[in-house]
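Student: Dropping a prediction and its sequence here:
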Amino acid sequence: MATEAADHGGEGGGLVFHPMDQFIIKPLFGDGAVGMFTITNMTLWLALAVVAIIALMVLGTSKRAVVPTRTQSVAELAYGFVYKMVEDVTGKDGVKYFPYIFTLFLFILFSNFLALLPMSFSPTSHIAVTAVLGFGVFIAVTALGFIKNGASFLELFWVSSAPLALRPILAVIEVISYFVRPVSHSIRLAGNIMAGHAVLKVFAGFAAIAAVAPLSILGVLAIYGLEVLVSAIQAYVFTILTCVYLKDALHPHH
């Protein structure tokens with residue numbers, strides 16, 4: 001609605017802005033069509049997220065010291081935070097899968113934070129990216145569940161603590177909820193990031209109007225602060241849900 005109003009105003013010389021244009025994937029070089037091997041703005045910011053992770057975890061800790069530098073402290077805090085999360089949720093059995101979960105956490109966190117820079121692009125606002133992450137977790141934990149437990153993994157869907165008459169109904173519900181997991185896992189992340197960036201763009205657009213500029217600038221600052229928090233929370237939520245799904249795969253018995 002805000003965009004429509006702005007468009008009508010633009011016909012008379014008013015402000016025109018399109019909050020959703022920031023999510024368009026474009027070629028990084030030239031103006032041609034986007035193909036399978038085209039280097040795009042998405043490619044650039046995905047690569048920057050990987051480079052930032054390497055800079056923190058490899059270069060930042062290459063000269064480890066008893067008295068850590070700021071970079072080493074941040075790396076150690078992130079490592080300890082995710083390690084404790086994995087251990088607390090999945091138990092000792094899940095610690096061996098910590099590298100995969102830690103990689104997911106860092107990738108999502110850095111992608112979210114880098115997207116808050118001016119003129120940046122947000123990979124995690126696209127369902128194509130978050131679906132790869134979400135379905136990757138789903139396929140991995142499902143395969144692990146059958147490898148570790150065999151056919152007894154299906155006990156995950158059989159609520160033995162419920163009355164016998166209700167167990168078949170609950171089993172159907174459990175199966176449906178299990179297959180909905182990757183969808184909700186990916187849509188939650190993409191939806192929250194996209195919504196936040198769209199709201200930021202709307203407030204930034206209104207900041208150009210003198211009459212509402214002060215309020216819009218305050219709104220931008222408030223939303224930006226909220227987005228910083230949301231970026232961290234969404235990385236945490238995605239990671240802890242991955243730990244919960246991993247726990248189900250390792251210990252499917254109700």
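Tutor: Yep, it's here. Since the structure is predicted, the reported quantities are computational estimates derived from the model, not experimental observations.

Student: Give me the buried positions along the lengthiest helix in the chain.
Tutor: Ranked by residue count and defined by DSSP state H, the top helix of the chain is helix 167-206. Within helix 167-206, the residues scored as buried using 16 or more other C-beta atoms under 10 Å are 167, 170-171, 174, 181-182, 185-186, 188-190, 192-194, 196-206. For the C-beta atoms, the positions are set from N, CA and C on the backbone; glycine is no exception.

Student: again with stretch 56-67
Tutor: Buried residues in stretch 56-67 (16+ other C-beta under 10 Å): 56, 57, 60, 61.

Student: List just the nearest of those residues to residue 228.
Tutor: Among the buried residues of stretch 56-67, residue 56 lies closest to residue 228 (C-beta to C-beta), at 17.3 Å.

Student: ok, the closest one to residue 117 distance?
Tutor: The gap separating residue 56 from residue 117 is 16 Å, by C-beta to C-beta, to the nearest Å.

Student: wait, what's in contact with residue 98?
Tutor: 82, 83, 86 (C-beta atoms under 8 Å, 6 or more residues apart in numbering).

Student: Among these, which one sits closest to residue 239?
Tutor: Of all the contacts of residue 98, residue 239 sits closest to residue 82, with 6.6 Å by C-beta to C-beta.

Student: thought the closest one was touching residue 238?
Tutor: No - using C-beta atoms under 8 Å, residue 82 makes no contact with residue 238, being 11.6 Å away.

Student: Measure how far stretch 170-186 is from the centre of its chain, please.
Tutor: 19 Å (C-alpha atoms, centre = their mean, to the nearest Å).

Student: about what we covered before: the buried residues of stretch 56-67 into a markdown table, with extra columns for secondary structure, pLDDT and distance to residue 219?
Tutor: Below are the buried residues of stretch 56-67 laid out as a markdown table (DSSP: H, G, I helix; E, B strand; the rest coil; pLDDT from 0 to 100; distance: C-beta to C-beta, whole Å):
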| residue | secondary structure | pLDDT | distance to residue 219 |
| --- | --- | --- | --- |
| 56 | helix | 90 | 32 |
| 57 | helix | 90 | 36 |
| 60 | coil | 80 | 35 |
| 61 | coil | 83 | 39 |
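
Student: Quickly find the element holding residue 107.
Tutor: Assigned by DSSP states H and E, residue 107 belongs to helix 98-114.

Student: tell me what whichever helix or strand comes after that helix is packed against?
Tutor: The C-terminal neighbour of helix 98-114 among helices and strands, as given by DSSP H and E, is helix 127-149. Here helix 127-149 touches helix 98-114, helix 167-206, helix 213-250, going by 3 or more C-beta pairs under 8 Å, 6 or more residues apart in numbering; DSSP states H and E.

Student: list the buried ones in the shortest one?
Tutor: When burial is assessed from 16+ other C-beta under 10 Å, helix 98-114 yields the following buried residues: 98, 101-102, 104-114.

Student: What of stretch 135-143?
Tutor: 136, 137, 138, 140, 141, 142.

Student: now, the most widely separated pair of these?
Tutor: Using C-beta to C-beta, the pair of the buried residues of stretch 135-143 lying farthest apart is 136 and 142, separated by 11.0 Å.
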